[in-house]
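>>> only geometry, no sequence info:
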């Protein structure tokens, strides 16, 4: 919600204090998943080297969401920003507040399309399939279209 591009830009700028950004996907406009009575989302994926361990990085990402103005809402509801930790090398982790790889990465076209743009051959450490293979096996008809090749001034 709000100025979607400005939120992405602010998040990307703030990420520089948490990670070393190596590559960014294009920005994709995607239809909302779950709750459809809301504006379409802008999504992108960032490939980075982390400066923190996964749990600390997730904590920092959630704190960043709050600093950018995210307030609690219902599941899949409208929000100004949503930062997810999708993969962390080939780590497989299951605990009460963090699951790696992200437990629904293989179901989400809005995640797989931008990942495939920058890292199509990365292996999913649980399924043993590349991101490209996961995308090819997905039956989703969700619309995912390039909105912009990059963020302005990035």
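Arrived safely. Being a predicted model, the structure only gives us computed values, none of them experimental.

>>> which residues touch residue 18?
50-52, 57, 60-61, 64 (C-beta atoms under 8 Å, 6 or more residues apart in numbering). (Each C-beta comes from the backbone N, C-alpha and C, glycine too.)

>>> Out of these, which is nearest to residue 84?
Lowest distance from residue 84 to the contacts of residue 18 (C-beta to C-beta) belongs to residue 61, with 7.7 Å.

>>> Quick check: next helix or strand after the helix or strand in which that closest one is found?
Under the assignment given by DSSP states H and E, the secondary-structure element containing residue 61 is helix 54-67. Using DSSP H and E, the helix or strand that follows helix 54-67 in sequence is strand 93-94.

>>> Please state the offset of that following strand from the chain centre?
18 Å (C-alpha atoms, centre = their mean, to the nearest Å).

>>> any chance you could map the helices in the protein?
Secondary structure of the chain (DSSP state H): helices at 4-15, 54-67, 109-118, 131-137.

>>> Residue 28 is nearest to which of those helices?
Ranking the helices of the chain by their distance to residue 28 (criterion: C-beta to C-beta) puts helix 109-118 first, at 5.7 Å.

>>> which residues are contacting the closest one?
Applying C-beta under 8 Å, 6+ apart, the contact partners of helix 109-118 are 23-26, 28, 30, 33, 41, 43-45, 47, 86, 102, 105-106, 122, 131-132, 134-135, 138, 140, 142, 144.
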